[in-house]
Structure formats: structure tokens, C-alpha cells
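Colleague: Give me a 3D structure for the following:
(chains A and B)
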Amino acid sequence: TQLLEQSPQFLSIQEGENLTVYCNSSSVFSSLQWYRQEPGEGPVLLVTVVTGGEVKKLKRLTFQFGDARKDSSLHITAAQPGDTGLYLCAGAYDKLTFGGGTRVLVKP
Amino acid sequence: GAVVSQHPSWVICKSGTSVKIECRSLDFQATTMFWYRQFPKQSLMLMATSNEGSKATYEQGVEKDKFLINHASLTLSTLTVTSAHPEDSSFYICSALAGTLYNEQFFGPGTRLTVL
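Modeller: The predicted structure is shown next:
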């Protein structure tokens, strides 16, 4: 069983601050995806990382895949209230394995 | 592209009745769809994998006779919660494999089921 652990579980910050969410596993994944989910809606795919050491940027969001393809991080610069939501990492093996999620609250 | 819809978005039913939830891929064909369940403030839990033209594959602990899945076409999968009970109340989300390079899944907006 491939397990993905996300940390922290909950993060509350002020608008303008930076934050980092971590996703760790003992398993190697062929790819890893990050999603954001807002209350009452389905998850929306943000990015897919495939290559060990890969860094992808999506505006103020920076995603990094660990060299060994076992871990990943999501860094948000100058967070805004619109970044509030549940962030989920998911590792792809034969099927997607989801982490426990990190609930982010950005206060104005 | 890669839009997935679900219907209904929410449903309230009486205990003992059955409820059908539809999942459609709107702009692509999906031979494989997935059904997830999500409890409040928790992550997604995979219930089953739905394959077009064949039987669904259920995860351990998920009753296949309780949660009937049918994937009759390349754009439609249905989940029927049979003889629903209050403990079946949850947020049900489907996703579809879009056949992209890295086999990403695209999710529907979810269905909130409340069983009275």
C-alpha cells in the first residue's frame, strides 16, 4: 500500500504571507499531482510533476518533486484569500493515492 | 477540455430508498472512471474503479451490492446507492481518466447525498 502523508494538516495565515505544504511517502511514484478543492466542489488539478528534482511554477505557486520521486512540496508566495482551500497531493502508481490533505485558510 | 459533470449535485432521500448518481465526461471519452467518497474535512477515499464494458473493481471494504456501478458507455458511469441508510450520507465524487500523457484524473463537482 502506498501511503502519502501531508503536512501540516491545517494552516492559517494572513494575506501576503508565504506557506509551504509537504507531501511525503516511502514509495516511489511515476508522477505526482497536486489538486485544490473548495468546499462543496470536486478537486481541480493544479499540476503534474514527473521528473525527480522537477520544479514547476504556476503564478505564485511553486511545485517541487523530490529527487527520488517520493516527496513533493507546494509553496505559495504572497498568499491571497482566493488561495483558501483544501490542497491534496496524489501519487500515481497503478491508481491515484491521495494524501490526507492540507486545509489552508488565508485571512484578509 | 477534460470536463466531468455529475448529476444530481445534491440529493436528499429517505432511508431504504435507492439513489442513482451519474458521472459524465463531456468533451472526451473515458474508458476508466473512478468513484470516491469524502467525509467532512477529510481526503478522498477511493471506492471503486469503473471500466467501460466490464465489471467495476471495488476497493477493500466497499460492498459491491450496496454501491452498484455501471459504465455502459465511454462517457457515462453511474453509481447507485441501494437501500440507503443515514451512514451512507456523504459527498460522492467521480473522476475520469482523460488519456493524457501522465494519466491525470479529472474530477466531477461532486454529489452531496443526505439520507434521512
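Colleague: Which part of chain B gets nearest to chain A, residue-wise?
Modeller: residue B:107 (3.7 Å; CB to the nearest CB). For the C-beta atoms, the positions are set from N, CA and C on the backbone; glycine is no exception.
Colleague: Could you check how many residues crowd around that residue?
Modeller: 23 (other CB atoms under 10 Å in any protein chain shown).
Colleague: how far away is it from residue B:58?
Modeller: Going from residue B:107 to residue B:58 by CB to CB, to the nearest Å gives 19 Å.
Colleague: ditto for residue A:29
Modeller: Where residue B:58 is concerned, residue A:29 sits at a distance of 23 Å (CB to CB).
Colleague: close to chain B, is the worst-scoring helix or strand of chain A on mean pLDDT?
Modeller: Within chain A, no helix or strand scores below strand A:96-98, which has a mean of 86 by mean pLDDT, DSSP states H and E. Yes. Against chain B, strand A:96-98 shows contacts by CB under 8 Å from any CB of the partner chain at A:96, A:98.
Colleague: doesn't residue B:95 make contact with the residue of chain B closest to chain A?
Modeller: Yes. Counting by CB atoms under 8 Å, residue B:107 touches residue B:95, with 4.5 Å between them.
Colleague: who touches both of these two?
Modeller: Here residue B:107 and residue B:95 share the contacting residues A:42, B:4, scored by CB atoms under 8 Å, 6 or more residues apart in numbering or on different chains.
Colleague: quick one, strands of the chain?
Modeller: With no chain named, the answer covers chain A. A:5-7, A:10-14, A:19-24, A:31-37, A:44-49, A:55-58, A:61-65, A:71-76, A:85-92, A:96-98, A:102-107 (DSSP state E).
Colleague: Let me rephrase: I mean chain B.
Modeller: B:4-7, B:10-13, B:19-25, B:32-38, B:44-51, B:57-58, B:67-73, B:76-81, B:90-97, B:105-107, B:111-115.
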